[in-house]
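Colleague: could you look at this predicted model? Sequence included:
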Amino acid sequence: MRKFLGKVRTRVKTKSIGKEEEVAVFRERVEANKEKYPPHVLQVIQGELKNLDQLEANSSEFNGTCDYLDWLTLLPWGNYSEEKFDVIGAQKILDEDHYGLTDVKERILEFIAVAKLRGTSQGKIICLSGPTGVDKISIARSIACALNRNFFRFSVGGLYDVAEIKGKGRTSTGAMPGKMVQCLKDVGTSNPLVLIDEIDKLGKRNAGNPASTVVKLLDTEQNANFVDHYLDLPIDLSKVLFVCTANDVDNIPKSLLDRMEIITIAGYITDEKMYIARHYLEKTAREACGVKPEQVEVTDAALLALIENYCEEAGVRKLRKLIVKIYRKIALRLVRQRSSNEAAIDKVLVDTSNLSDFVGKAKFREESIYDQAPIGVAMGVSWTAMGGCISYYETTRVEEGKGKGVLHVTGKLGDVMKESAQIAHIVARSILQEKEADNHFFANSKLHLHAPDGVTPKDGPSAGCAMVTSMLSLALNKPVKEDLAMTGEVTLTGRILPIGGNSSRLLDFEGENISSEEEQIILPFGNKRDFDKLAANVKQGLDVHFVNYYSEIFKLAFEYDENNTGN
Ligand code: ADP
């Protein structure tokens with residue numbers, strides 16, 4: 001049975017309670033709030049209380065009816081918390097709890113402002129989308145706090161059966177109310193903010209049709225009469241504010257996506273992670289472990305090493321776990337030395353030299369595959385759910401022969417990426433044609449393009465220009481200029497289109513593979529505005545070229561003598 005079943009039985013039946021007392025408890029609960037109960041609920045309760053009279057105490061039917069009445073009388077019928085639409089207060093809560101995320105906060109404040117003017121926050125469903133560990137859940141919690149709504153969270157990621165949401169009928173085995181009813185009982189108000197976590201993972205392994213159940217649940221027109229199979233009567237959920245989280249909006253069923261307002265949280269760059277670690281994660285870890293600030297010092301270098309060598313992630317979930325681990329170990333050290341009467345240590349210092357004593361050896365070290373990329377290899381910057389990362393595109397010639405020109409691709413590429421490889425092949429061919437009309441390399445070569453790290457699925461069109469460059473490098477027999485990375489979709493005519501996502505994430509590769517002072521990045525001109533918005537420290541040391549056409553990349557990537565007539 002699922003985890004939450006443990007909560008289902010709320011009625012603790014003690015031996016001392018007899019039938020009359022049991023009935024009296026239910027009547028009391030109803031009387032205390034009678035005017036708030038919807039008439040149809042009161043009617044059912046009265047009927048069930050009458051039934052109890054006829055039943056043998058301790059019979060299974062009696063117990064079943066008592067359980068049912070227990071649920072009915074514990075739900076917060078007509079009980080609402082007074083909603084607040086205080087933009088200033090909300091801003092304060094958001095700023096205190098979450099570092100950065102300016103755009104996200106602004107969108108949330110806009111949402112509250114609109115709600116204030118309309119007099120209701122009901123309508124669009126907010127969906128916070130982004131990788132793991134970027135604070136989605138606690139942002140939802142802050143929204144609840146700002147609106148003065150109680151908070152309840154459940155995940156539909158592993159949703160196995162719609163009964164988890166809609167409950168199981170009282171006559172079936174494993175009878176139980178669903179998540180929504182449990183939620184109302186737990187929060188004690190009929191207008192909580194309910195966070196539906198991992199909505200993009202809905203219905204992978206399913207019984208019933210979870211997606212359509214969730215659509216109905218979220219639809220204010222239908223959820224005013226939500227019927228839980230166990231309660232078997234309509235409950236009004238129209239005052240509940242639903243917020244969802246997702247890692248990848250592309251996996252959200254279309255019918256749900258239409259009703260959502262997506263707020264994207266892209267992930268953090270190293271500087272942001274450092275700040276979050278220092279000012280938020282360390283503080284909570286320290287407090288949770290009872291360590292005083294003056295008893296410990298974790299150096300900047302140690303934090304940076306944690307981020308770069310231990311946590312390959314776009315968010316800070318792993319980082320938070322490791323910081324807690326460090327503080328637990330510090331607590332043990334402090335207590336041990338105190339109880340062994342050793343000379344008191346004033347302070348535990350955690351630095352790169354002793355970091356592994358606290359968190360073990362680094363799980364990975366980001367190594368470049370190449371110090372200097374060989375001919376046929378180009379560096380791309382890609383955007384995955386993990387954040388921005390460098391990826392290489394390698395092309396080799398497998399076979400040569402008149403009319404053999406074909407491209408084969410590998411590297412766990414998705415459909416969009418496979419298509420963009422084909423487009424890149426054509427673009428590379430026409431550029432070569434333009435430069436060296438007599439060079440029939442593409443017409444006569446069977447090529448193989450590979451994106452190493454073949455276990456990581458990749459998709460999206462933004463590798464287009466790196467693929468063209470890799471093929472041209474091979475065709476021209478020239479290496480790509482050192483330390484040059486690029487991103488951008490390329491069209492058949494060689495135009496470079498902007499990339500989606502948040503371009504600030506693209507730049508989260510400082511210190512990875514592009515390390516010299518002459519780091520050069522090629523970005524689509526259409527992303528210039530995103531780039532301009534980045535903080536100065538992020539842009540520092542980067543030499544960025546904005547381009548509209550592949551011909552501009554060609555000039556940057558290859559030292560090419562335009563008078564060369566080819567072979
Ligand atoms: P998500 O819900 O996105 O998967 P988690 O709740 O797993 O995120 O982890 C994020 C944790 O990291 C939060 O609990 C919070 O402590 C911390 N955190 C992440 N981003 C920030 C931020 N911008 N400001 C402060 N703390 C943050």
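Modeller: Noted; the coordinates are in hand.
Colleague: skipping its backbone neighbours, what lies nearest the residue of the stretch 251-400 of the chain found nearest the ligand in space?
Modeller: Proximity of the stretch 251-400 of the chain to the ligand (CB to the nearest ligand atom) peaks at residue 280, 3.9 Å away. (Each C-beta comes from the backbone N, C-alpha and C, glycine too.) Spatial nearest neighbour of residue 280, chain neighbours left out: residue 99 (6.3 Å); criterion: CB to CB, 6 or more residues apart in numbering.
Colleague: residues in contact with the one you found?
Modeller: Residue 99 makes contacts with 272, 275, 276, 279, 280, as judged by CB atoms under 8 Å, 6 or more residues apart in numbering.
Colleague: please indicate which of the residues you listed are buried?
Modeller: For the contacts of residue 99, a neighbour count by 16 or more other CB atoms under 10 Å gives the buried set as 272, 276, 280.
Colleague: quick check, pLDDT for the first one.
Modeller: What it means is residue 272. Reading off the confidence values, residue 272 has pLDDT 89.
Colleague: pretty sure it is in a helix, no?
Modeller: Yes - judged by DSSP: H, G, I helix; E, B strand; the rest coil, residue 272 forms part of a helix.
Colleague: so it touches residue 100, yeah?
Modeller: Yes - contact criterion CB atoms under 8 Å: residue 272 and residue 100 qualify, at 5.6 Å.
Colleague: in TSV: the contacts of residue 99, plus secondary structure and distance to residue 464.
Modeller: Below are these laid out as TSV (DSSP: H, G, I helix; E, B strand; the rest coil; distance: CB to CB, whole Å):
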residue	secondary structure	distance to residue 464
272	helix	29
275	helix	34
276	helix	34
279	helix	39
280	helix	38
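Colleague: okay if I get those as TSV plus distance to residue 430?
Modeller: Shown next, in TSV, are the contacts of residue 99 (distance: CB to CB, whole Å):
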residue	distance to residue 430
272	42
275	47
276	47
279	52
280	52
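Colleague: so which of those is the closest to residue 301?
Modeller: Nearest to residue 301 out of the contacts of residue 99 is residue 275 (CB to CB; 15.6 Å).
Colleague: now that closest one: closest residue in space, sequence neighbours ignored.
Modeller: Residue nearest to residue 275 in three dimensions, not counting chain neighbours: residue 99, with 5.7 Å by CB to CB, 6+ apart.
Colleague: please, which helix or strand holds that neighbour?
Modeller: Using DSSP states H and E, residue 99 sits in no helix or strand.
Colleague: again with residue 128
Modeller: strand 125-129.
Colleague: quick check: which ranges of the stretch 201-350 of the chain have low pLDDT?
Modeller: 203-208, 340-345 (pLDDT under 70).
Colleague: element containing the closest residue to residue 463 other than its chain neighbours, please.
Modeller: Leaving aside its sequence neighbours, residue 463 sits nearest to residue 380 (CB to CB, 6+ apart; 4.7 Å). Assigned by DSSP H and E, residue 380 belongs to strand 377-384.
Colleague: now residue 399. Nearest residue, chain neighbours left out?
Modeller: Distance criterion CB to CB, 6+ apart; nearest residue to residue 399, sequence neighbours excluded, is residue 446 at 4.0 Å.
Colleague: ok, the one you found - how many residues close by?
Modeller: By other CB atoms under 10 Å, the residues close to residue 446 number 15.
Colleague: what residues does the stretch 401-550 of the chain put near the ligand?
Modeller: Residues of the stretch 401-550 of the chain lying near the ligand by CB under 6 Å from any ligand atom: none.
Colleague: where does the prediction get shaky in the stretch 401-550 of the chain?
Modeller: Residues of the stretch 401-550 of the chain meeting the criterion pLDDT under 70: 453-457, 501-519, 534-541.
Colleague: please repeat the previous calculation with a cut-off of 80.
Modeller: For the stretch 401-550 of the chain, the stretches with pLDDT under 80 are 453-460, 500-519, 530-531, 533-542.
Colleague: which residues of it fall in helices?
Modeller: 415-435, 464-476, 528-532, 536-539, 550-557 (DSSP state H, counting those that start in this stretch).
Colleague: buried ones in stretch 288-306, by neighbour count?
Modeller: For stretch 288-306, the buried set under the neighbour-count rule, 16+ other CB under 10 Å, comprises 289, 291, 295, 296, 298, 302, 303, 304, 305, 306.
Colleague: TSV for those residues, including secondary structure and distance to the ligand?
Modeller: As requested, these are arranged in TSV below (DSSP: H, G, I helix; E, B strand; the rest coil; distance: CB to the nearest ligand atom, whole Å):
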residue	secondary structure	distance to the ligand
289	helix	15
291	coil	17
295	helix	22
296	strand	19
298	strand	16
302	helix	19
303	helix	14
304	helix	17
305	helix	19
306	helix	14
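Colleague: helix, strand or coil: sort out residue 398 for me.
Modeller: strand.
Colleague: on the pLDDT front, check it for me.
Modeller: You'll see residue 398 listed with a pLDDT of 91.
Colleague: tell me the spacing between it and residue 410.
Modeller: Going from residue 398 to residue 410 by CB to CB, to the nearest Å gives 12 Å.
Colleague: list the buried residues in the longest helix along the chain.
Modeller: Identified as the longest helix of the chain according to DSSP state H is helix 317-339. The neighbour-count check on helix 317-339 (16+ other CB under 10 Å) flags 318-324, 326-327, 329-331, 333-334 as buried.
Colleague: intersect the residues you listed with the contacts of the ligand.
Modeller: residue 320.
Colleague: a markdown table for the buried residues of helix 317-339, including distance to residue 60?
Modeller: Output for the buried residues of helix 317-339, formatted as a markdown table (distance: CB to CB, whole Å):
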| residue | distance to residue 60 |
| --- | --- |
| 318 | 49 |
| 319 | 52 |
| 320 | 47 |
| 321 | 46 |
| 322 | 51 |
| 323 | 51 |
| 324 | 47 |
| 326 | 53 |
| 327 | 51 |
| 329 | 52 |
| 330 | 55 |
| 331 | 50 |
| 333 | 56 |
| 334 | 56 |
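Colleague: from the buried residues of helix 317-339, pick the one nearest residue 82.
Modeller: Using CB to CB, the buried residues of helix 317-339 come closest to residue 82 at residue 320, 33.9 Å.
Colleague: so who does that closest one touch?
Modeller: Taking CB under 8 Å, 6+ apart, we find residue 320 in contact with 133, 281, 285.
Colleague: so which of the residues you listed is the most crowded?
Modeller: Greatest neighbour count in the contacts of residue 320, by other CB under 10 Å, goes to residue 285: 24 neighbours.
Colleague: check the secondary structure at that residue for me.
Modeller: At residue 285 the chain is in helix, as set by three-state DSSP.
Colleague: which ones are touching the residue nearest to it when sequence neighbours are not counted?
Modeller: Spatial nearest neighbour of residue 285, excluding adjacent residues (CB to CB, 6+ apart): residue 327 at 4.2 Å. Contacts for residue 327 (CB under 8 Å, 6+ apart) come out as 282, 285, 286, 288, 289, 291, 296.
Colleague: could you do residue 224 as well?
Modeller: Each residue near residue 224 by CB under 8 Å, 6+ apart is listed here: 234, 236, 237, 238.
Colleague: pretty sure the first one sits against residue 40.
Modeller: In other words, residue 234. Yes - between residue 234 and residue 40 there is a contact at 7.1 Å, judged by CB under 8 Å.
Colleague: who has more neighbours, those two?
Modeller: When neighbours are counted by other CB under 10 Å, residue 234 and residue 40 differ, and residue 234 comes out ahead with 15 against 10.
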